[in-house]
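Participant: Any chance you could fold what I've pasted below:
(2 chains)
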Protein chains: 2
Amino acid sequence: MSDLHVVPACHGRAVHLSKGQAIQIINTHGQQVVDTWCFNAHDMSEFMSMEHLHATLQGIFPAKFDGLTTNRRRPILIMEEDTSPGRHDTVIAACDVHRYAALGCTQYHNNCTDNLHAALAQIDRRATDCPAPLNLWMNIPVGPDGKITWGEPLSKPGDHVILRAMIDCIVVMSACPQDLIPINGAACKPTEVHYRLLD
Amino acid sequence: MSDLHVVPACHGRAVHLSKGQAIQIINTHGQQVVDTWCFNAHDMSEFMSMEHLHATLQGIFPAKFDGLTTNRRRPILIMEEDTSPGRHDTVIAACDVHRYAALGCTQYHNNCTDNLHAALAQIDRRATDCPAPLNLWMNIPVGPDGKITWGEPLSKPGDHVILRAMIDCIVVMSACPQDLIPINGAACKPTEVHYRLLD
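Facilitator: Predicted structure coming up:
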């Protein structure tokens, strides 16, 4: 089994997966949301897209064995395993400086949008925009009236997902820095998560 | 009152709105979905974004008086009036060539993604990507299990919305060409819609 790597609390990491490889993302402390993106390694204009995924899944919650669709409507990843209750958000944007300003921050606050771009820059990649992320473990129920609830994660320490690459791709993870609302658990304490590559 | 303009069935149109102006979009025949986008006229990289809207609204169905949020989390349009039952979709991608290929089309099929780019080109504008659209009158209920239903529109002939510009912006509308599933009504017959500018 390959080495375990860390995504430090409030930061991001980008990883290249060859077609057929997989990444195991581990919710080490159990309550951490991980904003996740995936780009075609050979064409960054093709990426995992939540609005296209909704049409493919005919639903908003991806589950074990689902293909995760790009903006060209083909699966870029397969959710091969999910030990958690399977509540992952696909309707909420990555946090950003504007979100934290609206929550009252007057200083810079780490955020998932900047983490995406910083993580890509670390491996000499660039995305023109921040696509809607797959928010692993983020618990956003949608009511019959369309109203959403900002829930705490339903996951437990050590829960993990395995995402298998259908094409050569770049996976980006951000351990969400949100500490003003309890999206990363009631303690509002963002934590590290871990990942490893699997053949 | 200004002139009435047509968006021909299965085609798109782009319109410049100055700050404070509004556009009335009329579902002339009652069952037509209109994929709608809005871009900052001075910076096309800022646009109405459904995933940011969900966070602002704390819900997936925008209603009368709601601000429609950009990817910089400020309202670009206000939904000033809505005579329909207010069921507009915000979770499904614009249709595209890949969608129609998956539905069995072997020839080119008009689609909202290409309509966006063609309509912008007609006014010498360009978007790098196709943001998730506000699908006016598209009826996509989300169940408690997260499953979506492809419903028929709940609107009636002559229903309209009025969208007021909070900044100088470009509104793009596509009279959705979907004729393979009854998203534009049971007859699967896409129709024209109309619009006018209001001061």
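
Participant: Tell me the residues on chain A that lie near chain B, please.
Facilitator: Neighbours of chain B within chain A, by Cβ under 8 Å from any Cβ of the partner chain: A:45, A:49-52, A:54-55, A:58-61, A:71-74, A:91-93, A:96, A:98-99, A:102, A:128-130, A:132, A:141-148, A:150. The C-beta positions use only the backbone N, C-alpha and C, and glycine is treated the same way.

Participant: Pull up the distance across stretch A:16-27, start to finish.
Facilitator: With Cα to Cα, to the nearest Å as the measure, stretch A:16-27 spans 20 Å from end to end.

Participant: what mean pLDDT does that stretch have?
Facilitator: Mean per-residue pLDDT for stretch A:16-27: 98.

Participant: Mind giving me the ChimeraX select for the residues of chain A next to chain B, buried ones only?
Facilitator: Buried members of the residues of chain A next to chain B can be picked out in ChimeraX with the line below, counting by 16 or more other Cβ atoms under 10 Å in any protein chain shown:
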select /A:49,50,51,52,54,55,59,60,61,71,72,73,74,91,92,93,96,98,99,129,130,132,142,146,148,150
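
Participant: Just list what whichever helix in chain A runs longest packs against, helices and strands only.
Facilitator: Longest helix in chain A by number of residues, with DSSP state H as the criterion: helix A:112-122. Under the contact definition 3 or more Cβ pairs under 8 Å, 6 or more residues apart in numbering or on different chains; DSSP states H and E, helix A:112-122 sits against strand A:12-17, strand A:34-40, strand A:169-175.

Participant: If we use 10 Å, what do you get?
Facilitator: Counting contacts by 3 or more Cβ pairs under 10 Å, 6 or more residues apart in numbering or on different chains; DSSP states H and E, helix A:112-122 packs against strand A:12-17, strand A:34-40, helix A:97-102, strand A:169-175.

Participant: can you pull the buried residues of it?
Facilitator: Across helix A:112-122, burial judged by 16+ other Cβ under 10 Å covers A:Cys112, A:Thr113, A:Asp114, A:Asn115, A:Leu116, A:His117, A:Ala118, A:Ala119, A:Leu120.

Participant: how about the third one, what does it touch?
Facilitator: In this case it means A:Asp114. Applying Cβ atoms under 10 Å, 6 or more residues apart in numbering or on different chains, we find A:Asp114 in contact with A:His11, A:Gly12, A:Ala94, A:Cys95, A:Asp96, A:Val97, A:Tyr108, A:Cys130, A:Ser174, A:Pro177.

Participant: biggest separation within those residues, which pair?
Facilitator: A:Tyr108 and A:Cys130 (16.9 Å; Cβ to Cβ).

Participant: ok now do the residue positioned nearest the centre of chain A, which residues does it touch?
Facilitator: Taking Cα atoms, centre = their mean as the criterion, A:Thr36 is the residue nearest the geometric centre of chain A, at 2.2 Å. Going by Cβ under 10 Å, 6+ apart, A:Thr36 touches A:12, A:23, A:25, A:48, A:68, A:77, A:88, A:94, A:112, A:116, A:133-136, A:161, A:163, A:171-174.

Participant: got it, and A:Trp37?
Facilitator: Applying Cβ under 10 Å, 6+ apart, we find A:Trp37 in contact with A:12, A:14, A:47-49, A:94, A:112, A:116, A:119-120, A:127, A:130-134, A:169-174.

Participant: got it, and A:Asn110?
Facilitator: Neighbours of A:Asn110 in contact, by Cβ under 10 Å, 6+ apart: A:9-12, A:95, A:97, A:100, A:118, A:174-179, A:190.

Participant: Since that was my last question, I'll sign off now.
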